[in-house]
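K.L.:
The sequence and its predicted three-dimensional model are supplied below.
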Amino acid sequence: YPVVQTKAEPQYYLRRSFEGSYSIAGTPFLDAQCDMEKGIGLIIYGHNMEDKANGLKFAQLMHYLDVDWASKNPYIYFSTPEDDMVFQVYAVFYTDTGFQYHLENPDTATFDNIIKEAEQDLRDLLNIPDNYKVLFLQGGASQQFSAIPMNLMKNGVADYIVTGQWAKKAFNEAKIYGEAVAVASSEDKTYSYIPDCSDLDIPEDADYVYICENNTIYGTKYKTLPNTKGHILVSDVSSCFLSEPIDVTKYGVVYGGVQKNIGPAGVVIAIIREDLITDDVLPGTPTMLKWKTQADADSLYNTPPCYNIYICGKVFKWIKKMGGLSAMKEHNEKKAKILYDFLDESKMFKGTVVKEDRSLMNVPFVTGDKELDAKFVKEAEAAGFVNLKGHRTVGGMRASIYNAMPIEGVEKLVEFMKKFEKENA
């Protein structure tokens, strides 16, 4: 439920009622009639942390414009002048348009500008050639596990390199639609490495070769793309999207869910070479999963996840402001080096991935003792380090250090790890 700053009473952030008045009684949307200076305002999402009996409540939040301070203090508490209730702010966004994000029928012209600008910024960041379409789709990356064979299987044969859980899920899904062949796999060592893909046994009639480029759970990353021997390369880049530059021309399809590095869950971006977008799809392919349906409608075949795409566009601009993908890669390499260097010298903690295949985004590590691992996760959470528990197939811990993670966050984690190792030696 948005809370908006009013021009008339800039000292407060208020909710806007259905009748158009600003009050504590609220509305589930921010509409274009909100009286904000030049259409620019700060939306603060917050809820009452104290009113346990009546559940969560929204109310006026005190004036808040210190953006620099806000970026350093993600959890901010406010008191209202009326009753001194405490509110935790859990998200802060800027708006720069009167677009009605939460209404069922968004203004087409307004949103058309938003999605086109987002697409152009993404094209700029990745140097996407003109013969590639950019599609903003729904259903997450997992829905493309079906859409890919539906759109690309002409001979009914596809090759998969299975390097983790998501590649395996895509591989198993493709078996429904044709002959899916695992031409390489690292399952024999719990997906702790990337197999040699320089001379794969790829049949001539293979329609495409599929990889998951960064493996979220297992912490591996392709440093060299497979030799597909002239076949179409399809890559799921969900957990490394926009973390570093890529050469789009090396792929037939590169796609990913945005929820790691780009925006809220609910959007998948697919970058597809135009010659692969045709009416020649498998019989029974749903209209919504046919890439040509989406491409012909410029990703607007049905009502898109408007607000999510809007946020993606903002992140594209932020990355450009940060210096683009080369600067982002440098930032990510610095962060990862801090953690990996400590793991290499630690007598307690060890990384689980071979060095040459380490991910910049996901860093799994273990102590070698399940009880000690559990103790570390518990004490880390108490110290403010959350979501460090590793996947059950790997055990131990996993630190996900995506684009938005500052270097200071990794430094603090390593500092805590050193302290834990000293206390538990």
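P.N.:
Done, it's in. Numbers count the residues shown, from 1 in each chain.

K.L.:
Secondary structure element for I272, which one?
P.N.:
I272 belongs to strand 268-273 when assigned by DSSP states H and E.

K.L.:
Give the partner strands of that strand in its sheet and their orientations.
P.N.:
strand 132-137 (antiparallel), strand 253-257 (antiparallel) (DSSP bridges).

K.L.:
do you know which of those lies nearest K175?
P.N.:
Nearest to K175, of all the strands paired with strand 268-273, is strand 253-257, at 18.9 Å by Cβ to Cβ. C-beta here means a position set from N, CA and C on the backbone, and glycine is covered the same way.

K.L.:
Could I get the CA-only coordinates of that closest one as CSV?
P.N.:
Coordinates of the C-alpha atoms in strand 253-257 are reproduced here as CSV (Å, rounded to 0.1, in the frame of the first residue of the first chain):
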residue,chain,number,x,y,z
VAL,A,253,18.6,-17.0,-27.0
VAL,A,254,19.8,-15.5,-23.7
TYR,A,255,17.2,-15.1,-21.0
GLY,A,256,16.7,-14.8,-17.3
GLY,A,257,14.4,-14.0,-14.4
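
K.L.:
From the chain's centroid, how far away is it?
P.N.:
Centroid separation for strand 253-257 versus its chain: 11 Å, with Cα atoms, centre = their mean, to the nearest Å.

K.L.:
do stretch 250-270 as well
P.N.:
The chain centroid and the centroid of stretch 250-270 are separated by 7 Å, computed with Cα atoms, centre = their mean.

K.L.:
Flag every buried residue along it.
P.N.:
Of the residues in stretch 250-270, 251-263, 266-270 count as buried by neighbour count, 16 or more other Cβ atoms under 10 Å.

K.L.:
What's the local residue count around E173?
P.N.:
When neighbours are counted by other Cβ atoms under 10 Å, E173 registers 18.

K.L.:
Buried residues, the strand or helix carrying it. List them.
P.N.:
Element membership for E173 (DSSP H and E) is helix 165-174. By neighbour count on 16+ other Cβ under 10 Å, the buried set for helix 165-174 is Q165, W166, A167, K168, K169, A170, F171, E173, A174.

K.L.:
Including distance to G284 and pLDDT, could the residues you listed go into a markdown table?
P.N.:
Shown next, in a markdown table, are the buried residues of helix 165-174 (distance: Cβ to Cβ, whole Å; pLDDT from 0 to 100):
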| residue | distance to G284 | pLDDT |
| --- | --- | --- |
| Q165 | 27 | 94 |
| W166 | 25 | 96 |
| A167 | 25 | 97 |
| K168 | 24 | 97 |
| K169 | 21 | 97 |
| A170 | 19 | 97 |
| F171 | 21 | 98 |
| E173 | 15 | 97 |
| A174 | 15 | 98 |
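
K.L.:
all helices of the chain, in order?
P.N.:
Under the criterion DSSP state H, the chain contains helices at 67-72, 108-126, 140-152, 165-174, 291-296, 306-322, 324-345, 370-382, 407-423.

K.L.:
Check these for me: which has the lowest mean pLDDT.
P.N.:
Ranked by mean pLDDT, the helices of the chain end with helix 67-72 in last place, scoring a mean of 47.

K.L.:
hang on, isn't I217 packed against R398?
P.N.:
Yes: the criterion here is Cβ atoms under 8 Å, and I217 meets it with R398 at 7.5 Å.

K.L.:
Contacts only, for K223.
P.N.:
K223 is in contact with I194, E356, D357, counting by Cβ atoms under 8 Å, 6 or more residues apart in numbering.
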